[in-house]
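Q: Prediction below, plus the sequence it came from.
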Amino acid sequence: MIKLTNIQKYYGSYHALRDVSCHIREGEFFSLLGPSGSGKTTLLRTIAGFEGIDSGDLMIGGQPMKGVPANKRPTNMVFQSYAIFPHMSVAQNVAYGLRAQRLSKAETASMVSEALAKVGLAGYGARAAHALSGGQRQRVALARALILKPKVLLLDEPMSALDRKLREEMQSELRHLQRNLGITFVLVTHDQEEALTMSDRVAVMFEGQIAQLDTPQALYKQPASKRVAEFFGAMNILRADIVDVKDGVATTRIEGLGTADLPMPRQADAGTAPPYCAGVRPELMTILDDGAQSYERETAATVTDVEYRGELTYYDVKFQGSDTPVVVSMRNTSNRTLKTVGQQVRIGWESASAVLLVDRS
Amino acid sequence: MSKRILTIFMIVFVLFLYAPTLLLPIFAFNDSSIIAFPLSGFTLDWFKSLAAAVELRKAAVTSLTIAVTSAVIATILALLATSATVRYRFPGKGAMIGTIMLPMFLPEIIIGVSLLTVVLLAGLELSIYTIIMGHVLICTPFCIAILRSSFQQLDPSLEEASLDLGESRLTTFRRVTLPLIMPGVISSLLIAFTISLDEFVIAFFLSGTKPTLPVYIWSQLRFPQRIPSVMALGTLLLLLSIILLTLSELLRRRSARRLGKDMAGGAW
Amino acid sequence: MSRRMPFDADTRRGLSQISLPFAFSILLLAAPLALLLAMSFWTQDFLTLDRTPTIANFVEVWNSPIYRTLMLRSLKISLIVTFLTVSLAYPAAYYMSFVAPDNRKALLVFLITIPFWTSYLMRIFLWKVILGYNGVLNESLMGIGLIREPLDFILYNQFAVALTLSHAWLPFAVLPIFVVMEKVNRSYLEAAQDLGDTPFQRFRRITLPLSMPGVVAATLIVFIPTIGDYVTPKLVGGSSGLMIANMIEVQFKNANNAPLGATLALMALLLVSSVAGLFVWINRRYLKEEGAA
């Protein structure tokens, strides 16, 4: 649906988008995720037509968008501030973009009430825009964009102004809306949880580049780099040396854990030698009780700190021969007693729970 | 303690500010051609004499023509300048807006004589057009100062939303921008109108055969017997400005209420 | 690879929008000022203008005591007026911003603004009515028996000019100070008090420095136009209260010596800009020292 090829964008000497290429498929829920200043909003505004590009190609629905202004593109946008026109009623807001279609009053009215019903605001048409709550504003913004039947709906951090409870509610509603309508949604967010729960695919952006584009599961389980890994939840980072690479699998010596065979990171050329490191998620390691379960790998360690958090307990441990503190999270059960600081323990893990990461800023 | 002193100070301050102005209506209705206390009686003669003054009426028409024209031109120029500076970055922006704002920081006499110099050297006739040019020059910075806050309060994504929903830049200006900055535009028109209507020095230097109202009043001040009529005229002008100001304040409050914004504190 | 077109769409839009007002300013402000400068190097030979460049006008202005006196008097009166208005306006603005209840602020601003909208000429003229020989003040003082003869020293002198100008420019000085004070974050004041400042210390260490930009704006707003004021000295100044603007007018109109008038105007402009520059510079230094202390 949207095809970006080698997009470059500068603000003066600031390189805002660095050679961005990706393909957003028809009907998918696509997220652009990154910290502020990563270029995600710039990329969205480029697609919408609010920002020009310095080089590269942008196609939407098979049509080149070069020279096509925002008002002529088959995209519509939900703005971060929602941009509800304050001098108009809800119905006037929703009908705003219909003017060019020269519909009769009755047609317009029925389309507006249909659109309002779709977002759960049936009967709100006569309300003044300024009398709306944050969640209602977002719904009006959605109705206003969707009434034009865009090929792509662009959402610029639409949830950032809502409180937590409302945000979760809107997330699931938005997901359902997208499934029902089958329209391509492109969401910009800095909230990794939001990106993971809502999207079919996520492009993680840092410094104007797409660092990794994948499904939420793959991003969490097989992050390509240390940066992406750390962006999604907690990740223990350990020094790693690649001893040998064969068929995309690297025999790696991991600090404190010993040697393991790990797949080369996705989107990294095998054989090139950027600094690598290994990552293990805290929940993928277990502190073994005496004489209990057997694991593929077991490593001795010392507990250096214990942090009880109700549902979970976080242990800081140190492997023998390593100074790096490693976090292990354990689910608390009724019969499990807490370890104490200084206690010698055995850590169980599997080589599949470790990932090889590119350590490049 | 200090609060009470400040309150008393403020009362005295406002009284001092208004005391001379209060004399206007008092002597406008006083039945004596000498402006002094004690008052001698009530009369409407001075107001009636205004109705008969042909020169005054001509001057008033001249002034209104100049004020309306200057207000419209200055507001349009200010809209362009403000829209450019608030939203876009371009080379030379600071220098350009600085030049446009400069008349605010120049004594009016400098502007008056420099325009007079041009007229003299070019051998042009002094006319209401030369005054309009001068007035547009001094009004534009004030209009920009007012419109700037209107533009800054305007969320830029509102205009983007309109573009995104299919409107062109021109129709976006008409459907979204203009309605939202309308209170500012009206304030701008009013303030430019008032400045132009009241302006004396530039008009004094640049007026030809058609005097403006202040220039006419100036010529009347030389004749003591005309002073009571001038007082009556001053009373009417005072009334006019209070009405205009009250109207603009009501308008501002209404639009603030309509937009659900609390903008208490600003009088413009 | 082309990094960036020299003018992107926004730059083009900005430039095209500002071009009209900017051209207007160049044509009607910058060009006339340049002509004024050229004019000051020319001389008037009765009815003809001699365009041979010479500094004769500047020499004359410099050497003749009358121009120097007028220039210095304008500066003196203007400085007195500026000082008076700003020091009276400051407590008024302080009251409006910090003492008055919030729901009364709009009304106060409205009250202060009305004089701004009334005829300047009338406001000045009313002082002539008040201070005149048969004026309101004299007649009233005689009426209550305080004086027997009208006081004749209160009109047609520099005192009358300074008083009248101060009154005329008071509202203009209040508003900029008020606007800046309104922007002072109230939690700074609470923090200062919380850290042990007495109300006076708090005022000196927080309110005063933070409201300084407003004071500078007020100073400039009053100083710049008053030094070139024409109406007030002409109406209430008499011969001892005339200022430089009156002389500029005489040169341009009655004396028919536009080049000399242009020279005087430029000298006045130079005076205004250098004193205004000095104000701004002093304020910068003051703020810097406050910050360092």
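A: Yes, it's here.
Q: Shouldn't A:D244 be within a helix?
A: No. A:D244: not assigned to a helix; according to DSSP: H, G, I helix; E, B strand; the rest coil it is strand.
Q: What pLDDT does the model give it?
A: As predicted, A:D244 sits at a pLDDT of 86.
Q: Neighbours of it, how many?
A: Residues contacting A:D244 under the criterion other C-beta atoms under 10 Å in any protein chain shown number 9. C-beta here means a position set from N, CA and C on the backbone, and glycine is covered the same way.
Q: Which residue, other than its chain neighbours, is closest to it?
A: Ranked by C-beta to C-beta, 6 or more residues apart in numbering or on different chains and with sequence neighbours excluded, the top spatial neighbour of A:D244 is A:T251, at 4.4 Å.
Q: How about A:R253?
A: A:D241 (4.7 Å).
Q: Output the contacting helices and strands for the helix or strand harbouring the one you found.
A: A:D241 belongs to strand A:236-246 when assigned by DSSP states H and E. When contacts are defined as 3 or more C-beta pairs under 8 Å, 6 or more residues apart in numbering or on different chains; DSSP states H and E, strand A:236-246 packs onto helix A:226-231, strand A:249-254, strand A:276-280, strand A:326-331, strand A:354-358.
Q: what angle sits between the last one and strand A:249-254?
A: Orientation of strand A:354-358 against strand A:249-254 (axes from the mean of the first three to the mean of the last three C-alpha atoms, to 10 degrees) gives an angle of 100 degrees.
Q: Can I get strand A:354-358 as CSV, trimmed to CA atoms?
A: The C-alpha coordinates for strand A:354-358 follow below in CSV (Å, rounded to 0.1, in the frame of the first residue of the first chain):
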residue,chain,number,x,y,z
ALA,A,354,20.0,-16.1,24.6
VAL,A,355,20.2,-13.9,21.5
LEU,A,356,23.2,-12.5,19.7
LEU,A,357,22.9,-8.7,19.3
VAL,A,358,24.7,-6.1,17.3
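Q: got the angle between that strand and strand A:236-246?
A: Using the same axes, to 10 degrees: strand A:354-358 against strand A:236-246 is 80 degrees.
Q: Can you tell me which helices and strands strand A:354-358 packs against?
A: helix A:226-231, strand A:236-246, strand A:249-254, strand A:258-263, strand A:276-280.
Q: could I get these as CSV with distance to A:N93?
A: Shown next, in CSV, are these (distance: least, C-beta to C-beta, whole Å):
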stretch, distance to A:N93
helix A:226-231, 36
strand A:236-246, 48
strand A:249-254, 56
strand A:258-263, 51
strand A:276-280, 47
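Q: backbone phi and psi for the residue of the stretch 1-150 of chain B found nearest chain A, please?
A: Closest to chain A within the stretch 1-150 of chain B is B:R89: 8.7 Å, counting by C-beta to the nearest C-beta. Main-chain torsions, B:R89, degrees, to the nearest 10: phi -110, psi 130.
Q: Let me know how buried it is, in neighbour terms.
A: 13.
Q: Now do the contacts for it.
A: C:10-11, C:14 (C-beta atoms under 8 Å, 6 or more residues apart in numbering or on different chains).
Q: Among those, the buried ones, what's the ChimeraX command?
A: Of the contacts of B:R89, the buried ones can be selected in ChimeraX as follows, counting by 16 or more other C-beta atoms under 10 Å in any protein chain shown:
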select /C:11,14
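Q: still on that earlier bit, any idea which of the helices and strands packed on strand A:236-246 gets closest to A:L153?
A: helix A:226-231 (24.9 Å; C-beta to C-beta).
Q: Now do the helices in chain B.
A: If DSSP state H is used as the criterion, the helices of chain B fall at B:2-28, B:45-52, B:54-87, B:93-101, B:108-122, B:128-153, B:156-164, B:169-172, B:178-198, B:201-206, B:213-220, B:227-258.
Q: can you redo the ones you listed as TSV with mean pLDDT?
A: Shown next, in TSV, are the helices of chain B (pLDDT from 0 to 100):
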stretch	mean pLDDT
helix B:2-28	89
helix B:45-52	88
helix B:54-87	95
helix B:93-101	94
helix B:108-122	91
helix B:128-153	93
helix B:156-164	94
helix B:169-172	92
helix B:178-198	91
helix B:201-206	93
helix B:213-220	92
helix B:227-258	82
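Q: Output those helices as JSON lines; include the columns distance to chain A.
A: Putting the helices of chain B into JSON lines (distance: least, C-beta to the nearest C-beta, whole Å) gives the following:
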{"stretch": "helix B:2-28", "distance to chain A": "35"}
{"stretch": "helix B:45-52", "distance to chain A": "42"}
{"stretch": "helix B:54-87", "distance to chain A": "12"}
{"stretch": "helix B:93-101", "distance to chain A": "14"}
{"stretch": "helix B:108-122", "distance to chain A": "37"}
{"stretch": "helix B:128-153", "distance to chain A": "10"}
{"stretch": "helix B:156-164", "distance to chain A": "4"}
{"stretch": "helix B:169-172", "distance to chain A": "8"}
{"stretch": "helix B:178-198", "distance to chain A": "5"}
{"stretch": "helix B:201-206", "distance to chain A": "38"}
{"stretch": "helix B:213-220", "distance to chain A": "37"}
{"stretch": "helix B:227-258", "distance to chain A": "7"}
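Q: Which stretch among the ones you listed is buried most, on average?
A: helix B:201-206 (a mean of 25; mean count of other C-beta atoms under 10 Å in any protein chain shown).
Q: circling back to that earlier point, single out the most deeply packed of the helices and strands packed on strand A:354-358.
A: Ranked by mean neighbour count, those are led by strand A:276-280 with a mean of 23 (mean count of other C-beta under 10 Å).
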